[in-house]
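how would this look folded up:
(3 chains)
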Amino acid sequence: MDVIAAPSGARLLVAVDGSEERLTWEQAADLVRTHPDARWVWPDTIAAYPRLLAAGGRPARCYDLRLCGRILAQATPDAEPGPAWLDAGPAAVAERTLLDDLDPVGELGLEQVAAELARQQGLVAAAAEAGRLRLLLAAESAGALIAVEMRADGLPWSRRRHDEILTAALGPRPAIGYRPPVLERLAVEIAEHLGSRQLNPDSPVELLRALRANGLDVSSTSKWEISRSDHPVVAPLLRYKKLSRLLTANGWTWLDSWVEPGVEGRADRFRTDYVPGGVVTGRWATNGGGALQIPKSLRAAVVADPGWRLVVADAAQIEPRVLAAMAHDTDLAEAGADRDLYAGLVDAGVVEDRSRAKVGMLGALYGGTTGESGLVLPRLRQAYPRALGMVDAAARVGERGGTVRTWLGRTSPPPGEAWHSVQHAAAVVEASAGDERRARTQARNWGRFTRNFVVQGTAAEWALCWMGELRRRLRSMGQAEHDGAAHLPGQGRPHLVFFLHDEIVVHTPTELADEVAAAVRESAETAGRLLFGSFPITFPLDVAVVDRYDQAEDS
DNA sequence: ACTATTGGCGCG
DNA sequence: AAAGCGCGCCAATAGT
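Predicted coordinates:
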C-alpha cells in the first residue's frame, strides 16, 4: 500500500486509505507504525525523511520521485519531460529543512505527487525491461532511506584515538598558523636539500622549479614522478607530502568540524551527507568531510560503542563479477566461483600471477591500452571473449556518441553539444590534422567512460540491492521497535553506519554480531539472485566482526 | 577581496 | 603522467 506524502511547511500532507490529512511529524511517525508495510511516496527523501526519522518513523519502503524521475528521464529521453519541480538539483537538496519550514518554496499538493507517481509508473510499464527498472527504482529509493539513516545514526568515532594518530604522526597540535613540529622539520630538511631557503613545499610552482634546478628530471611534483629519482630530497619530500595530506584533509580541523563529541556514554560520531545517485554511474557521493576518502590510516579511529561491535564486510572484485554475469560469460564466472577471481585467472592459466590478473582486468574495465595491462589484455580477450566483448561493445557505442545501459537500466548521459561539434569539425573536408586528432582523442575518452559505465554502474546496483536487503533483515533483529529510535543509546538494534561502494559497516550489539554477519552474507546472495537470477555467479565477501575498523582484514 | 581553476592525492 | 574509470577536498594560483 502506498502512502502519498508531501512536506508542507512544518507538517506533512499525506493521503492514506483514501483520506487526506495534514500531520505533524510525530503523527506521521505514528502512521509509519500503524502501517508497517506501507511504501511512502514522496518528492524527495533527503528533504522529508530526516524529520520523520527524528520523530521516530522508519518506513520499510519508499519511492523517491526525484531520484527515480532522474533515472527515468535518462532512460526515456523522448518521453514527455516531468514537472519542473523534479529537476531541483543537489543545490536545492542541500538547503533543505530549515528553509522549507520558513518558506515552503515549491510546495506540492498531494495530487501533484500522485500524478507524478502515475506518470513514472507509466514510463516503467512501457519500458522494455520493466521488471529490472522497477528493481532499480526500488533499490535507489531504499538507498535514499539508508543514506538519511546513516547520517542520523553517524559513524562511531573516537576523537581521542584520532588525536593519538595525528600526534604520533605529526607531533602535538600546533598553534593556528604554524606547522606541526614534524612537518616543520621536514620542510627545513627539504629546503636544505634543494638549497632554497624559505621554500614552500606546498607550492607546486616553487617546488617544481627547485626540483628541476637540482637536476631532477620531473615535469610535475606528483609523488609518482618524484619517487623515480634517487635524489636525497625524495624521502623527506614524500614523507612531507603524506603527512601534509593527513593534516590538511583529516587533521585536527577536520576532527573539530566533522566529528561530534559523544553524549552520555555514547561514543563520538562522524556525520556526513550521503548523496545517493550522486555519481553518474549510480554510485553514491558524499557531501562534507570527504567521507568516501577517509584514509586507511585513520580507520583505527572508528571504534564501536562499549558492548557493541562493528561488522565489516567487503565484496571482492564486484566489477569483473557483474561483467561476467551481464555477458553470460560462464568461464569468467567460474574463475571467480567462491574464491578470489584474480587467483582464478591464474589457476585457469590465463595469466602468470595475481598482480597481472588484476592489472589486466582493470585495464579491460577502464579501457587501458598501454603498459602491463596492454600486454595482458589480448589473453583476457581470448580467454573471456564474451565478457571482453561486452565492454568493448560499450566502448564503441560511446565513441560514436551513443548511450549505454547498466544491467538494471540506468542510462549513461549523452555527450554534450561541445562533444558533437568537435566530432563534426573533424568530419568536414577541410578538417585539419589537429581537428582529427582532437576528435579521435575525445571519442576514445567517451568510449572509456561508457565502457566503464556499464560495469561500475551495475556494480553499484548490486551493492544497492545488497545494502537494501541487509537493511530489511536488520530491521527485524534486536529490540522490538517502539519509537523507532535505534540511534538512541540503549536501543539495541543493529544498523548500517558506513557504505563505501563495495564495503559496508554495521554497528551492532555484541550479542547479535554473528547473526548480523550471517545476514550480511545472505543479503549478498540475495542481491546476486535479484539481479542475475539463476546465472551461476557468486559474490564472495570478507566479513569481520571487530571493535575497530582497522582490525578488519584488508583485501 | 572574491570566485574559478589547477595540481595533487585520498578512496573505490 | 600511473595506463585506464568514477568521485571530493585542500592549498596555491589564476582570473576578475
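
check contacts around the residue of chain A found nearest DNA strand C.
Among all residues of chain A, A:Gly368 sits closest to DNA strand C, at 2.2 Å; criterion: Cβ to the nearest atom of the strand. C-beta coordinates here come from the backbone N, C-alpha and C atoms, glycine included. Taking Cβ atoms under 8 Å, 6 or more residues apart in numbering as the criterion, A:Gly368 is in contact with A:Leu362, A:Gly374, A:Leu377.

wait, which of these is closest to A:Leu207?
Comparing those against A:Leu207 with Cβ to Cβ places A:Leu362 closest, at 30.4 Å.

List phi and psi for that closest one.
A:Leu362 adopts backbone torsions of phi -60, psi -40, taken as degrees, to the nearest 10.

if we can go back for a sec, how is the residue of chain A closest to DNA strand C assigned, secondary-structure-wise?
Going by DSSP: H, G, I helix; E, B strand; the rest coil, the secondary structure assigned to A:Gly368 is coil.

Phi, psi for it please.
Taking degrees, to the nearest 10 as the convention, A:Gly368 sits at phi -70, psi 150.

now it: how far from A:Lys358?
Between A:Gly368 and A:Lys358 the distance is 12 Å, computed by Cβ to Cβ, to the nearest Å.

Ok, A:Arg209 next?
As for A:Arg209, its distance to A:Lys358 is 37 Å (criterion: Cβ to Cβ).

Ok, A:Arg132 next?
Counting by Cβ to Cβ, the separation of A:Arg132 from A:Lys358 is 30 Å.

so does the helix or strand where A:Leu135 lies get close to DNA strand C?
In this structure, A:Leu135 is located in helix A:130-153 according to DSSP states H and E. No - looking at helix A:130-153 against DNA strand C by Cβ under 7 Å from any atom of the strand, there are no contacts, and the closest approach is 13.1 Å.

So A:Arg209 and A:Lys358 - more neighbours on which side?
Counted by other Cβ atoms under 10 Å, A:Arg209 and A:Lys358 do not tie: A:Lys358 has more neighbours, with 20 against 15.

Do I have it right that that one meets A:Tyr342?
Yes - between A:Lys358 and A:Tyr342 a contact is recorded at 5.0 Å, counting by Cβ atoms under 8 Å.

Now for the two: what residues contact both?
Here A:Lys358 and A:Tyr342 share no contacting residue, scored by Cβ under 8 Å, 6+ apart.

Let me see the residues that make contact with stretch A:389-400.
Surrounding stretch A:389-400, the residues in contact under the criterion Cβ under 8 Å, 6+ apart are A:323, A:326-327, A:329, A:364-365, A:367, A:381, A:403-404, A:412, A:443-444, A:446-451, A:453-455.

what stretches of chain A score poorly on pLDDT?
A:88-106, A:479-491, A:554-555 (pLDDT under 70).

where along it do the strands fall?
For chain A, the strands defined by DSSP state E occupy A:2-8, A:11-16, A:19-23, A:39-42, A:61-64, A:155-157, A:259-260, A:268-270, A:273-275, A:285-287, A:308-315, A:495-499, A:503-509, A:541-546.

now the first one and strand A:19-23, what's the angle there?
Counting by axes from the mean of the first three to the mean of the last three Cα atoms, to 10 degrees, strand A:2-8 lies at 40 degrees to strand A:19-23.

contacts for strand A:2-8?
When contacts are taken as Cβ under 8 Å, 6+ apart, the neighbours of strand A:2-8 outside the stretch itself are A:12-16, A:22, A:28, A:31, A:35, A:38-43, A:47-48, A:51, A:63, A:100, A:104, A:107-110, A:112-114, A:117.

Ok, stretch A:177-193 next?
With contacts defined as Cβ under 8 Å, 6+ apart, stretch A:177-193 is touched by A:169-174, A:197-201, A:214, A:231-233, A:236-237, A:239-240, A:243-244, A:247.

Now look at it and say if it contacts DNA strand B.
No - Stretch A:177-193 lies out of reach of DNA strand B by Cβ under 7 Å from any atom of the strand, never closer than 13.2 Å.

what's the offset of that stretch from the middle of its chain?
How far stretch A:177-193 lies from its chain's middle: 36 Å, per Cα atoms, centre = their mean, to the nearest Å.

before we move on, the earlier item: now, which of the contacts of stretch A:177-193 lie within helices?
Counted as lying in helices by DSSP state H, out of those, are A:Ala169, A:Leu170, A:Pro236, A:Leu237, A:Arg239, A:Tyr240, A:Leu243, A:Ser244, A:Leu247.

Now do the same contact list for the second one.
Residues near A:Leu170 by Cβ under 8 Å, 6+ apart: A:Pro180, A:Pro181, A:Val182, A:Leu183, A:Leu243, A:Leu246, A:Leu247, A:Gly251.

Now list the buried members of those.
Taking 16 or more other Cβ atoms under 10 Å as the criterion, what is buried in those is A:Pro180, A:Val182, A:Leu183, A:Leu243, A:Leu246, A:Leu247, A:Gly251.

Quick check: the two most widely separated of those residues?
The distance between the two most remote of those (Cβ to Cβ) is 12.1 Å, for A:Val182 and A:Gly251.

picking that back up, could you dump the strands of chain A into TSV with distance to A:Thr221 and mean neighbour count added?
As requested, these are arranged in TSV below (distance: least, Cβ to Cβ, whole Å; neighbours: other Cβ atoms under 10 Å):
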stretch	distance to A:Thr221	mean neighbour count
strand A:2-8	49	21
strand A:11-16	53	21
strand A:19-23	58	13
strand A:39-42	49	24
strand A:61-64	43	23
strand A:155-157	32	25
strand A:259-260	31	17
strand A:268-270	31	22
strand A:273-275	31	21
strand A:285-287	28	15
strand A:308-315	33	24
strand A:495-499	33	23
strand A:503-509	31	23
strand A:541-546	36	18
